[in-house]
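S.K.: Let's see this in three dimensions:
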Amino acid sequence: MATARPGEVSIHVEDPGPLTVLQVLGMTVEQLRYELQARNLTPFGTAKPELQQALLAAVTPLPLEQPSPVLTAPGDAVGLGARRRTSSGPPNSASELQLQLRRLELEAEKEKRAYELQAAERQKRMELAAEAEEKKQQRQHELEVKRLELAAQAGAASADVRQHAPAFGIDTAVKLIPKFNDHDVESFLLSFEKIAQLNKFPEDKYAAILQAHLTGKALKVFTELSVEDCQDYPKLKEALLTAYAVVPEVYRKRFRNLSKHHSETFSEFAFRLGVQFRRWLESEGAHDNIEKLRELLQLEQFNTCLDSDLRRWLLDQKPKNLSQAARLAD
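M.R.: The predicted structure is shown next:
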């Protein structure tokens, strides 16, 4: 027989004996299962009230039903004694057991209902979560459809704007160009290019717009070019600059011989000096090339040391650097 610790009910392993209702109610779940297995009983549930109910039914048999009392005459001691001897056990043991069993049944039903309520709540939460997820996906789908519709509308509007945009007109562009300056062709061409870029003129229309302003010598150069060259703005520009002798040497002379007018400020004179210097370097391709700038300044200094005839001849040879110019001069 196992020895129970304080506060525990002793359990008979080899020979399970009778148990009282209080002992059964004080057992743990493991002890209830053990007692049922010792009596070769299989409980019909796993909850503690169900195990207690099964064990109580096994160890506490209900007493025989007491017969209804029979009225006898006073002094009938024999009949009264016989009736007393037919009763067995305490008078309230049966009703106490029935109350305990009923209480266990109610607790089992209560736990069952609680479990069913929890299961119903879990199911409801799962349904609500699924419904919320479905609504979220539906909303995302609607937003995506709306975004695609807006993109399509924007594309259609852009195409409509391009379709109804006014076509480029040469007549309108010609009116934006200032009058041709026969004495400063390079300034006129620079102004023309900036106005064309600001107004986003098509580059293939530059030549057609420019020819409307040409006069005198510039118009004669235009007429002497082929149709293909007249339509090519870079070739037309080069021909005009060559005709007006706007070559690097001209820019260099303008820069070196520039002087201040009496009517202009020093700031205005500095601006004109910077313009001529930039045009000279750009015509030589040395404005953004330090190495070429060094060669250009050395060549200029070398040429100033030559006589006028040799200097003019050397300029026509167009040497690339100082060494080449020296060999040609020798």
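S.K.: contacts and neighbour counts: CA atoms only from here.
M.R.: Noted.
S.K.: Would you mind measuring from the closest residue to T28 other than its chain neighbours to L22?
M.R.: The shortest distance from T28 to any non-neighbouring residue, by CA to CA, 6 or more residues apart in numbering, is to K48 (7.9 Å). Separation of K48 from L22 (CA to CA, to the nearest Å): 15 Å.
S.K.: Can you point out the buried residues in stretch 30-50?
M.R.: Q31, L32, R33, Y34, E35, L36, P43, K48, P49, E50 (16 or more other CA atoms under 10 Å).
S.K.: Columns secondary structure and pLDDT on top of those, output as TSV?
M.R.: Shown next, in TSV, are the buried residues of stretch 30-50 (DSSP: H, G, I helix; E, B strand; the rest coil; pLDDT from 0 to 100):
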residue	secondary structure	pLDDT
Q31	helix	85
L32	helix	83
R33	helix	86
Y34	helix	86
E35	helix	85
L36	helix	83
P43	coil	68
K48	helix	82
P49	helix	81
E50	helix	80
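S.K.: In JSON lines, list those along with distance to E142.
M.R.: Listed next are the buried residues of stretch 30-50 as JSON lines, based on distance: CA to CA, whole Å:
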{"residue": "Q31", "distance to E142": "62"}
{"residue": "L32", "distance to E142": "60"}
{"residue": "R33", "distance to E142": "59"}
{"residue": "Y34", "distance to E142": "62"}
{"residue": "E35", "distance to E142": "65"}
{"residue": "L36", "distance to E142": "63"}
{"residue": "P43", "distance to E142": "57"}
{"residue": "K48", "distance to E142": "54"}
{"residue": "P49", "distance to E142": "55"}
{"residue": "E50", "distance to E142": "55"}
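S.K.: Looking at those residues, spot the one nearest D288.
M.R.: Nearest to D288 out of the buried residues of stretch 30-50 is K48 (CA to CA; 96.7 Å).
S.K.: The closest one and M27 touch, don't they?
M.R.: No. Taking CA atoms under 8 Å as the definition, K48 is not a contact partner of M27, at 9.4 Å.
S.K.: Which of the buried residues of stretch 30-50 sits closest to T304?
M.R.: K48 (120.5 Å).
S.K.: mind checking how far that closest one is from V21?
M.R.: According to CA to CA, K48 and V21 sit 14 Å apart.
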